[in-house]
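> no FASTA, just this:
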């Protein structure tokens, strides 16, 4: 068993380190801090990452943009690989990844944190490889889903020897089905958590073609649980005679924030029968849905379900062919359901995707910064950037008509109720770049991101659109890795943009 990959006892807590400025500062006008921990304090070392950072020093002309990439891209490997090792009773690799400043592993975050390192992923049996980290995440996520498939975030595995993290906010939670407190950090059912397991599986296979790995351990069993859970959450509120169905999931919490609990004694607002959509009690922001058919989550699930169906079809287990067919059929039916029930006619913009619907005709027209979002639909592989309905939806959600599009002199981006009105999320600005082909839009967006780190040189969770010094979460590894992922995407798609100077853009 490996020792915990935590920052050494002599190392400063990164939660504190990342709030301070450290020399050497970048040579540009923003004088961005250096934020990587000392080499001996990094939680995973990859020569591949160091090689990419060195290459991008030559590729990126602007000194501030180069520094932000240098700080952000390795964030998860530098600071968030809390533990890696083997299962107690098998040779199964396990990787426990924290989000950053929260000492727990979210299914969604950990999948996306690993996705940033796809350019470094290749087939390898080495326990010190990126491939091993991926396998460890897949195996540990499988364990979590088999333990509590309706939950979103989890405690360290018992093998790590790391004590469970406290969660005072969940102390009063009343959840059905019950879950083991020693394994679960929080149990908010989010459809994208199920999709995240499919995502990290598809990502690993796409780069390694390691089909044999998926026949080991409990991947097939976990896929069955994912399908069973998704099917269960298609249940409408009422049966054909009008009786209230027994929901497979309910959640209540004593709280002063309406987004932290569900209406109707934990059932959520009613949903209609026959839509073919899957309910999600909570959004990827961990805020409760208003209408439970969350369209971006259904898009994500449909996209990665079809990709992992191709993995399943290559396995030799007796049930694999039937499961692959079920996965393909569900993906296809979800796409039909999204088109039928998730597309609405906006009085100003025309045909757009709704954020949430209930199947009765009600729709929530907005977007939230967290992925999956409507903005991220091409990034998720659900559709092409040029899709007509997507482009119309994009115009809507990037305008003042979206109640959660934040505007101001510092940054203009989608936010959400999690941080509240006035706080734009750089993550959404990054996704805006990833889904754009317009050089001016991309350049302007990069300038806003650069100018909104308060000199710390990290991607924050959210930033006051009128005050760069008012931000939330300085240690948010997913968003930092996503920034690096976006820069590497531009290196391929728009290399000339990385040769530009940003010394005359943004605020400050």
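Everything's here; your move. A quick note: this is a predicted structure, and the numbers were derived from the prediction, not measured.

> surely residue 82 is in a helix?
No: counting by DSSP: H, G, I helix; E, B strand; the rest coil, residue 82 is not part of a helix but strand.

> residues near it, how many?
Per other Cβ atoms under 10 Å, the neighbour tally for residue 82 reads 20. All C-beta atoms are positioned from the backbone trio N, CA, C, and that covers glycine.

> please apply the same query to residue 109.
When neighbours are counted by other Cβ under 10 Å, residue 109 registers 29.

> list the helices and strands the host helix or strand of it packs on?
Using DSSP states H and E, residue 109 falls within helix 107-115. Here helix 107-115 touches strand 93-97, helix 130-147, helix 191-208, helix 477-493, going by 3 or more Cβ pairs under 8 Å, 6 or more residues apart in numbering; DSSP states H and E.

> name the strands paired with the helix or strand that comes right after the second one and say parallel or antiparallel.
So the one you mean is helix 130-147. Next in sequence after helix 130-147, counting helices and strands by DSSP H and E, comes strand 153-154. Note on strand 153-154: by DSSP bridges, its sheet partners are strand 105-106 (antiparallel), strand 184-186 (antiparallel).

> residue 399 is nearest to which of those?
Using Cβ to Cβ as the measure, strand 105-106 is the one of these that comes nearest residue 399, at 30.3 Å.

> what sits up against the closest one?
With contacts defined as Cβ atoms under 8 Å, 6 or more residues apart in numbering, strand 105-106 is touched by 82, 96-99, 140, 144, 152-156, 185, 193.

> so which of these comes closest to residue 130?
With Cβ to Cβ as the yardstick, the closest approach to residue 130 among the contacts of strand 105-106 comes from residue 97, at 12.7 Å.

> and the nearest residue to that closest one once chain neighbours are set aside, how many neighbours?
Excluding its sequence neighbours, the residue lying closest to residue 97 (Cβ to Cβ, 6 or more residues apart in numbering) is residue 110, at 4.4 Å. Using other Cβ under 10 Å, residue 110 is surrounded by 30 other residues.

> which stretches of the stretch 251-400 of the chain have low pLDDT?
Filtered on pLDDT under 70, the stretch 251-400 of the chain yields no residues whatsoever.

> so which residues of it form helices?
For the stretch 251-400 of the chain, the helices defined by DSSP state H, counting those that start in this stretch occupy 263-266, 295-313, 320-341, 388-397.

> can you say which of the ones you listed is packed in most?
Of all the helices of the stretch 251-400 of the chain, helix 295-313 has the most neighbours on average by mean count of other Cβ atoms under 10 Å, namely a mean of 25.

> tell me who's in contact with residue 175.
Per Cβ under 8 Å, 6+ apart, neighbours of residue 175: 150, 187, 249, 250, 251.

> now it: how far from residue 30?
Noted for residue 175: a distance of 45 Å to residue 30, by Cβ to Cβ, to the nearest Å.

> got it, and residue 346?
38 Å.

> neighbours of the nearest residue to residue 296 once chain neighbours are set aside, just the number please.
In this structure, residue 296 finds its nearest non-sequential neighbour in residue 372, 3.9 Å apart by Cβ to Cβ, 6+ apart. A total of 31 residues lie near residue 372 under the criterion other Cβ under 10 Å.

> the one 3 residues further on now?
Counted with other Cβ under 10 Å, the burial measure for residue 375 works out to 26 neighbours.

> excluding chain neighbours, what is closest to it?
Nearest non-adjacent residue to residue 375, counting by Cβ to Cβ, 6+ apart: residue 431, 5.2 Å away.

> so that neighbour sits in a helix?
Yes: looking at residue 431 with three-state DSSP, it is inside a helix.

> oh, and call the first residue 213 from now on, that's how I've got it
Right, with 213 as the first residue, what we last looked at is residue 643.
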